[in-house]
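Undergrad: Here's a sequence, model it:
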Amino acid sequence: MIVMAETEKLKKFKEFLPVAEQIAFDDMLLEARLYAPYAGCMASPVKELPFLISMLFGQHKRILDLEKKIVSLETVLKKKRIGSPEVLARIPLEQQETLARDLDFGQGENWTLEDHDFAPLPK
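TA: Predicted coordinates for the structure are as follows:
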């Protein structure tokens with residue numbers, strides 16, 4: 001009930017937003033509706049607070065998911081950069097095999113440098 005009432009109050013604000021931002025705004029409100037039943041369990045003298053908490057929680061979950069994706073992509077990029085021929089040329093040969101084992105490019109224990117198709121470093 002409170003979610004619908006708060007959504008109604010925010011309609012005027014939404015009308016003044018550009019169309020692309022209205023879509024983002026609707027998405028934010030959808031997140032708030034998703035978590036509103038959980039936030040409704042809060043004891044708060046301010047009836048809007050659970051609505052705001054549910055909005056914040058939804059956005060925070062998205063941020064955490066994006067952070068995980070960034071870390072994953074950075075890890076892949078780091079492996080590709082370290083494995084590039086330009087970088088490997090500066091690493092002594094005896095250390096290259098150790099590096100390959102430490103990074104384990106998903107090829108298992110029998111992995112060798114020749115098994116990997118190295119990507120060039122970005123310019």
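
Undergrad: so what secondary structure elements neighbour the top helix by length along the chain?
TA: If you go by DSSP state H, the chain has its longest helix at helix 49-82. Here helix 49-82 touches helix 2-9, helix 19-39, helix 93-103, going by 3 or more C-beta pairs under 8 Å, 6 or more residues apart in numbering; DSSP states H and E. (Glycine included, C-beta is placed from N, CA and C.)

Undergrad: Using the record's domain definitions, break the protein down for me.
TA: The chain breaks down into these domains under automatic domain parsing: 2-68, 83-123.

Undergrad: which of the ones you listed has the lowest average pLDDT?
TA: Among the domains of the chain, domain 83-123 has the lowest mean pLDDT, at a mean of 58.

Undergrad: hang on, isn't Leu34 packed against Gln59?
TA: No - counting by C-beta atoms under 8 Å, Leu34 does not reach Gln59; the two are 11.4 Å apart.

Undergrad: Let me see the contact set for Pro39.
TA: Not Pro; residue 39 is Ala. Pro50, Phe51, Ile53, Ser54, Phe57 (C-beta atoms under 8 Å, 6 or more residues apart in numbering).

Undergrad: Columns neighbour count and distance to Ile91 on top of those, output as JSON lines?
TA: Listed next are the contacts of Ala39 as JSON lines, based on neighbours: other C-beta atoms under 10 Å; distance: C-beta to C-beta, whole Å:
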{"residue": "Pro50", "neighbour count": "23", "distance to Ile91": "56"}
{"residue": "Phe51", "neighbour count": "24", "distance to Ile91": "55"}
{"residue": "Ile53", "neighbour count": "18", "distance to Ile91": "51"}
{"residue": "Ser54", "neighbour count": "22", "distance to Ile91": "51"}
{"residue": "Phe57", "neighbour count": "16", "distance to Ile91": "46"}
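
Undergrad: Lys11: which of those is nearest?
TA: Phe51 (14.4 Å; C-beta to C-beta).

Undergrad: List the contacts of that closest one.
TA: Residues in contact with Phe51 (C-beta under 8 Å, 6+ apart) are Ile2, Val3, Glu6, Ala32, Ala36, Ala39.

Undergrad: Please identify which pair of those lies farthest apart.
TA: Checking these with C-beta to C-beta, the most distant pair is Glu6 and Ala39, at 11.5 Å.
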